[in-house]
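Asker: Sharing a model that was predicted from the sequence below.
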There are 2 protein chains.
Amino acid sequence: MRAGPSQEEIRRHNLGTLLRYVHVRGPTSRAELTASLGLNRSTIGALTADLTAAGLVREELPRDHGRAGRPSLVVQPEAQHIYVYAFTIEVDRVVAARVGLGGVVLDRREIPRPRGDRPADKVVAPLAEFVRDAAKMVPHGAVCIGSAAAVSAIVRQEDGLVHLGPHIGWADEPLGDALAEALGDERRPGLAPRVRNGADLAALAEHTRGVAVGCDNVIYLHGDAGVGGGIIAGGRPVTGHGGYGGEVGHMAVNPQGRACNCGSRGCWETEIGEYALVRTAGRDGTGSAAVAAVVDAAGRGDAMAQAAVRQVGDWLGFGVANLVNVFNPEMIIFGGTLRDVYLASAAQVRGRINRMCLPAVREHVRLRTPALGGDAALLGAAELAFERLLADPLEVATGTGGESASFSALPDPSVSLDDDR
Amino acid sequence: MRAGPSQEEIRRHNLGTLLRYVHVRGPTSRAELTASLGLNRSTIGALTADLTAAGLVREELPRDHGRAGRPSLVVQPEAQHIYVYAFTIEVDRVVAARVGLGGVVLDRREIPRPRGDRPADKVVAPLAEFVRDAAKMVPHGAVCIGSAAAVSAIVRQEDGLVHLGPHIGWADEPLGDALAEALGDERRPGLAPRVRNGADLAALAEHTRGVAVGCDNVIYLHGDAGVGGGIIAGGRPVTGHGGYGGEVGHMAVNPQGRACNCGSRGCWETEIGEYALVRTAGRDGTGSAAVAAVVDAAGRGDAMAQAAVRQVGDWLGFGVANLVNVFNPEMIIFGGTLRDVYLASAAQVRGRINRMCLPAVREHVRLRTPALGGDAALLGAAELAFERLLADPLEVATGTGGESASFSALPDPSVSLDDDR
């Protein structure tokens, strides 16, 4: 139990609230800010002045001002000057991006990744290379205020250790440390790269600026070789005690089912992951292309593919129905390979929800695909990297203001990254 | 997004925080309050004076003051003068209590309830009778600041409609309205009885003043004829979109299982509810006595009872393991009939967790029985009824201060309650 905030804490809170507003909603007039934030005009003016002085926002006259009288200035985030690096490490690819305040992707690179047992520092190398290249394009005076990575694995929040990522071939890989070393961030306390589960970050992104804006109870499901989940309940992520919450892929659905990579049996991902679909369809291959091929074949009338889609869709609905009974969510989002599977088997999924869910619980649930597409986790990583700034804008902006080209002084890659290329 | 609080909001927040502290922890010295709440001595003094003037706390010299110097006054909740009514409606009994600030049970009555299809107003009658009797014992000047009921059913939060309570024999029963009418609360806006699921309230009570104090990720499981769950994630209840979250009893665990009352098949409660245990043991009977008889027989060496306990314990562990993977909780609490089942089958439950849970997730989970015993839901209802007061102490205390005997003016029971007795 903690007593209320001080005046200074309130000011910081208000600065963060205003900055978050324009970060999420884009350019906003002072008049709208005054109305939406419940603060008076002079307070909005003072907060905006502080944020402008720190280089976080700028004010402009609106382009179209049809009405008489003095126009309300429009506050917009300094997308070109305040940025983060965001990364995703997925089963079949690695993506790196430079993302400006406001969620604007300024630069982006996607690198295919062969499946298999590659240690963390090898995966980190192309990310660091992207950062070195991107840094050359950064305008003078621009400030990097953080970085974060999404990874299809079970991650320890405090230091970004990847406990278990069977599908990316990792166990106990110190990804957080490897990223910090590659990016030179160990010299900047508080700005160390943050690492989280990809589905958790995809849920965050869809909730912040995607299909789930305004929904406080959301489950994001990500399918690839495995199945991950990102859960938001009551507007807040369900992280659990150690940050490992949301491992819905290892919810056992079939006591008589197949052995799972995790050591258990009948886990949801053994019934709805890409292997289950592709094998049930009597095919070979892996990855989203193989899943898409089965779904396409089913659409063209291939009976075996149709049966596989129906069966996997039925198990997809089975697990979704369980989650709906437990969480009473407003929305389920089907991402990764589950997007195609859901679209091809919506009847099975709905049927399971109707048969298995309590009427009061199923009444308001909406089934959706990601508005941010395959970049949901990447944009979620960017949101995570922006979080410190949004929590305390002046402290973070001032604290890094002297290192405007902070990422340009990376350690020599030939030493730390590429020694066995 | 909302801007920071005003000075007046901070004062109200601080008043609530101080009152909540002594409500939960009992008599507390001003010195401890100063240290724990992070406020200075004069602020604590001013807040305490306000709460004392409102009749919510009183200050006394400590009984034992061994040290030299002026002793720090001890602030204690006015348990005899500020109270709520708390009720539980369970499968086999109804309990009513008058509970004082600080969670002190001042008066309590337990009424056995035959199973079957009895409408809400018939169940409400003995609760109203308790309130009338209890009101005669209430000291002059004491103030009732609310009431709440826990019910083993799916409840719509906004008005306390019981959507579905198959085991108590209800469907779409307007319990909230019936309680308000019986208690005469329709004349006191904002003080209408609140109704919630019993497992949700048991979780709240164990988290506030039971075995889960300090645990922010907790799952409370309640067993009777069915199985309910109350889930706390990140320190806050998982209520879901409509308030129906936590229906873990209807998580399907056995696709080949039995038909469930809810219309689905293989729900967890069909495998671990009292019927499953008693029937698998080859016995008859219902209720906690029948469950205890099976567990006792197993302890005495009855082979069929032992097999039943092992089988039900195995399914108990199966569902718990799924919840652990999804929520990464610190603690699972086994309440109701599941207390005895868990204690008799802890090896099965632990075995399932070890086989089915991801190592990082299962590492810190503790399995416990309720510290508040069979009264967890009752005390949770009391906590719910106190919530408005704790959120804004002076507003609520002042708003009801003129109606110190508010519950003594109940409507004539012969008209509204007992018309077919």
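Answerer: Yes, it's here.
Asker: what about residue A:221, which helix or strand?
Answerer: Applying DSSP states H and E as the criterion places residue A:221 in strand A:218-223.
Asker: and residue A:144, how many neighbours?
Answerer: Using other CB atoms under 10 Å in any protein chain shown, residue A:144 has 26 neighbouring residues. Every residue, glycine included, has its C-beta placed from N, CA and C.
Asker: So, low pLDDT: which residues of the stretch 51-200 of chain A?
Answerer: Scanning the stretch 51-200 of chain A for pLDDT under 70 picks out the ranges A:64-68, A:116-117, A:185-190.
Asker: That one: strands as residue ranges?
Answerer: A:57-60, A:74-77, A:82-89, A:93-100, A:104-112, A:143-151, A:154-156, A:161-165, A:170-174, A:194-197 (DSSP state E, counting those that start in this stretch).
Asker: now those as a markdown table including distance to residue B:168?
Answerer: Listed next are these as a markdown table, based on distance: least, CB to CB, whole Å:
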| stretch | distance to residue B:168 |
| --- | --- |
| strand A:57-60 | 57 |
| strand A:74-77 | 54 |
| strand A:82-89 | 49 |
| strand A:93-100 | 53 |
| strand A:104-112 | 54 |
| strand A:143-151 | 46 |
| strand A:154-156 | 40 |
| strand A:161-165 | 43 |
| strand A:170-174 | 49 |
| strand A:194-197 | 40 |
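Asker: Nearest to residue B:374, out of these?
Answerer: Evaluated with CB to CB, the strands of the stretch 51-200 of chain A place strand A:154-156 nearest to residue B:374, the distance being 37.6 Å.
Asker: re earlier: export the strands of the stretch 51-200 of chain A to CSV and tack on distance to chain B?
Answerer: Below are the strands of the stretch 51-200 of chain A laid out as CSV (distance: least, CB to the nearest CB, whole Å):
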stretch, distance to chain B
strand A:57-60, 15
strand A:74-77, 14
strand A:82-89, 18
strand A:93-100, 20
strand A:104-112, 20
strand A:143-151, 14
strand A:154-156, 6
strand A:161-165, 4
strand A:170-174, 10
strand A:194-197, 11
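Asker: so which of those strands gets nearest residue B:62?
Answerer: strand A:154-156 (45.1 Å).
Asker: State the distance from residue A:145 to residue A:131.
Answerer: Residue A:145 sits 14 Å away from residue A:131, taking CB to CB, to the nearest Å as the criterion.
Asker: again, but for residue A:215
Answerer: Shown here: residue A:215 relative to residue A:131, a distance of 34 Å by CB to CB.
Asker: Between these two, which is the more surrounded one?
Answerer: residue A:131 (24 against 19).
Asker: Spell out which parts of the stretch 201-350 of chain A neighbour chain B.
Answerer: A:216-217, A:229, A:231, A:233-234, A:236-248, A:250-256, A:262-265, A:318, A:321-323, A:325-330 (CB under 8 Å from any CB of the partner chain).
Asker: chain center to the helix or strand harbouring residue A:395: distance?
Answerer: When secondary structure is defined using DSSP H and E, the element that contains residue A:395 is helix A:393-400. On the basis of CA atoms, centre = their mean, to the nearest Å, the separation between the geometric centre of helix A:393-400 and that of its chain is 24 Å.
Asker: neighbours of the residue of the stretch 101-250 of chain A found nearest chain B, just the number please.
Answerer: At 2.4 Å from chain B, residue A:240 is the closest residue in the stretch 101-250 of chain A, using CB to the nearest CB. Applying other CB under 10 Å, we find 25 other residues in the vicinity of residue A:240.
Asker: go on, the one 3 residues further on?
Answerer: Other residues near residue A:243 number 19, with proximity taken as other CB under 10 Å.
Asker: Same question for residue A:218.
Answerer: With other CB under 10 Å as criterion, residue A:218 counts 28.
Asker: next one: residue A:259
Answerer: A count of nearby residues for residue A:259, using other CB under 10 Å, gives 11.
Asker: Please apply the same query to residue A:76.
Answerer: By other CB under 10 Å, the burial measure for residue A:76, its neighbour count, is 17.
Asker: rewinding a little: got the CA positions of the helix holding residue A:395 in PDB?
Answerer: Provided in PDB are the C-alpha atoms of helix A:393-400 (Å, rounded to 0.1, in the frame of the first residue of the first chain):
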ATOM      1  CA  PRO A 393       9.700  11.700 -20.700                       C
ATOM      2  CA  LEU A 394      12.100  14.400 -19.500                       C
ATOM      3  CA  GLU A 395      14.300  12.100 -17.400                       C
ATOM      4  CA  VAL A 396      14.900   9.700 -20.300                       C
ATOM      5  CA  ALA A 397      15.200  12.400 -23.000                       C
ATOM      6  CA  THR A 398      17.600  14.500 -20.900                       C
ATOM      7  CA  GLY A 399      19.500  11.500 -19.700                       C
ATOM      8  CA  THR A 400      20.400  10.400 -23.200                       C
END
